[in-house]
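In: Sequence first, predicted coordinates after that:
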Amino acid sequence: MPELPEVETVACALAPALTGRTIFKVKLFSPALRSPLDPLKKTLPGRKIVNIRRRARYIIAGLDNGNALVIHLGMTGVIRIEKPEIPRRKHEHIFLYLDDGLVFRFEDVRRFGSLEVHPVCRNGLPEMFGSFGPEPLSAAFTAEYLFGHSRGVRSAVKSFLMDNAVVAGIGNIYAAETLFAAGIDPRRETETLTRDQCRKIVKHARRILRAAIRAGGTTVSDFKQVDGSEGKFTVFLQVYGKKGKPCPVCGFPLELARIGGRSSVFCPKCQK
DNA sequence: CTAACTCCCTGATAGC
DNA sequence: TGCTATCAGGGAGTTA
């Protein structure tokens, strides 16, 4: 499933393929994903894509009229830039025809993805991103920031790290991996974190996210890069999806807990 | 205000 | 073999 490194990988691949392109036709094969697709038939034709950015797990294609196409890959979203002659795959929901003869094609088996057009603010981003916390790889994501926001929060630290309003774009995989590396139990009450533990979380989150971006993301079942290849970070995962396997540090069997409705694998010996 | 829950969707897998 | 139940999960929405 795509998280920050996967979305970053896709956005970087899309930038050269889409920047400067004009969308001249929109073809729908489904009425809606998470939200209706029909409005795109009115808002996209004739628009030129001026830039491609990423914020949290969203891809933002800036348009030449002060709007932006905001794309979320959901759980199973795959974007391809291909020739129109290639037959439509079963779960391809929308084609955007480009002025260079290629087609932006969006496939999404579970339909948790979304494509919406929104006006942008002065910072070039739609208003919805105003409530988001800092990017984890930005200078604003510091131990002091995390510690400050953790005071008075009684929910589990894993849910805290996965909250876009706290820090943008960390999902289930990287929250689990970060907390394992930091030696912190994912069920731990957020307000009990020390400054030093916040420092460890920030350090390891940044290290792991950077490594995952270098590897082209993590492929767990569905994720594909724009060129169709799989992410190579999968082999570096320490705990995600490894319930019952020995802890890579101490050998004790990894355990599974459900936190905020999400499965969370951790080592009960190494994470306190 | 926070926190906990529910729902959306389909395919893979387990169990009978 | 074929059925049903369960699980995966981001984010929006609802409830307490």
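Out: Arrived safely.
In: Next, find the distance separating residue A:76 from residue A:92.
Out: Going from residue A:76 to residue A:92 by CB to CB, to the nearest Å gives 12 Å. Quick note: C-beta positions are derived from backbone N, CA and C, even for glycine.
In: any idea how far residue A:94 is from residue A:125?
Out: Note on residue A:94: its distance to residue A:125, by CB to CB, is 22 Å.
In: where does chain A come near DNA strand C, residue by residue?
Out: With CB under 7 Å from any atom of the strand as the criterion, chain A meets DNA strand C at residues A:1, A:3, A:34, A:56-58, A:72, A:74-75, A:110, A:112, A:128, A:162, A:164, A:171-173, A:241, A:256, A:258, A:261-263.
In: Sort out for me which of these are in strands.
Out: A:58, A:72, A:256, A:258, A:262, A:263 (DSSP state E).
In: Tell me if I'm right that the first one and residue A:70 touch.
Out: Translated: residue A:58. Yes - counting by CB atoms under 8 Å, residue A:58 touches residue A:70, with 5.6 Å between them.
In: Count the residues that sit near residue A:78.
Out: By other CB atoms under 10 Å, 22 other residues sit near residue A:78.
In: Correct me if wrong, but it is in a strand.
Out: Yes - counting by DSSP: H, G, I helix; E, B strand; the rest coil, residue A:78 is part of a strand.
In: Could you report the pLDDT at it?
Out: For residue A:78, the pLDDT comes out at 91.
In: In contact with residue A:51, which residues?
Out: Going by CB atoms under 8 Å, 6 or more residues apart in numbering, residue A:51 touches A:15, A:19, A:61, A:62, A:124.
In: Each with direction, which strands does the one helix or strand it maps to pair with?
Out: Per DSSP states H and E: residue A:51 is located in strand A:49-55. Counting by DSSP bridges, the strands paired with strand A:49-55 are strand A:58-63 (antiparallel).
In: Run through who's touching the partner strand.
Out: Contact partners of strand A:58-63, identified using CB under 8 Å, 6+ apart, comprise A:7, A:10-11, A:14, A:18, A:44, A:47-54, A:68-73, A:117, A:120, A:124-126, A:129.
In: Now do the buried residues in it.
Out: Across strand A:58-63, burial judged by 16 or more other CB atoms under 10 Å covers A:58, A:59, A:60, A:61, A:62, A:63.
In: All set now, cheers.
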